[in-house]
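1. Fold the following for me, if possible:
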Amino acid sequence: MMEQAEFHKLSDKFLENLAEAIEVADDALDVDYINGILTITLPDDKQFVINKHQPSLQIWLSSPFSGAHRFSYDKNKLCWVGSNSSNLVELLKSEMACLAGLEPATLSFGS
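-> Numbering: from 1, shown residues only. Okay, here's the model as predicted:
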């Protein structure tokens, strides 16, 4: 099981990198990253909220498209993975592309 210090290091780095990459990917998206909570607002005011949840050592996603998801870090895959084996980055790319009318390939942010 992951230690809390490792969780904070991995989740903070992931959320910071994700916020920066999304800002670069599309200027129509409003990105705020404050106190471990990443909020991405689409042009139609729909929001994705991504935050770390320390008690469960997970990253949680609230999506205007598919609802709530929880992701744990997979040390073998080196990414955040949901209970249904979904990859957080791939899910986010797909949903943001659908809701914002973008091509998934234009959203080139990584895990």
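2. For the closest residue to residue 16 other than its chain neighbours, list each beta-bridge partner.
-> Nearest non-adjacent residue to residue 16, counting by C-beta to C-beta, 6 or more residues apart in numbering: residue 33, 6.7 Å away. Using the backbone N, CA and C atoms, a C-beta is placed for each residue, glycine as well. Residues in a beta bridge with residue 33, per DSSP bridges, are residue 38.
3. Identify each buried residue in the biggest helix by length in the chain, please.
-> The longest helix of the chain (DSSP state H) is helix 4-25. For helix 4-25, a neighbour-count test (16 or more other C-beta atoms under 10 Å) marks 7, 10-11, 14-15, 18-19, 22-23, 25 as buried.
4. Now the least confident helix or strand in the chain by mean pLDDT: buried residues?
-> Least confident helix or strand, the chain: helix 88-100 with a mean of 83, by mean pLDDT, DSSP states H and E. For helix 88-100, a neighbour-count test (16+ other C-beta under 10 Å) marks 88-89, 91-97, 99-100 as buried.
5. what's the answer for stretch 69-82, then?
-> Quick answer for stretch 69-82 (16+ other C-beta under 10 Å): 69, 71-73, 79-82.
6. sorry, back to before: which secondary structure elements does the longest helix of the chain contact?
-> strand 30-34, strand 37-41, strand 47-53, strand 58-63, strand 67-74 (3 or more C-beta pairs under 8 Å, 6 or more residues apart in numbering; DSSP states H and E).
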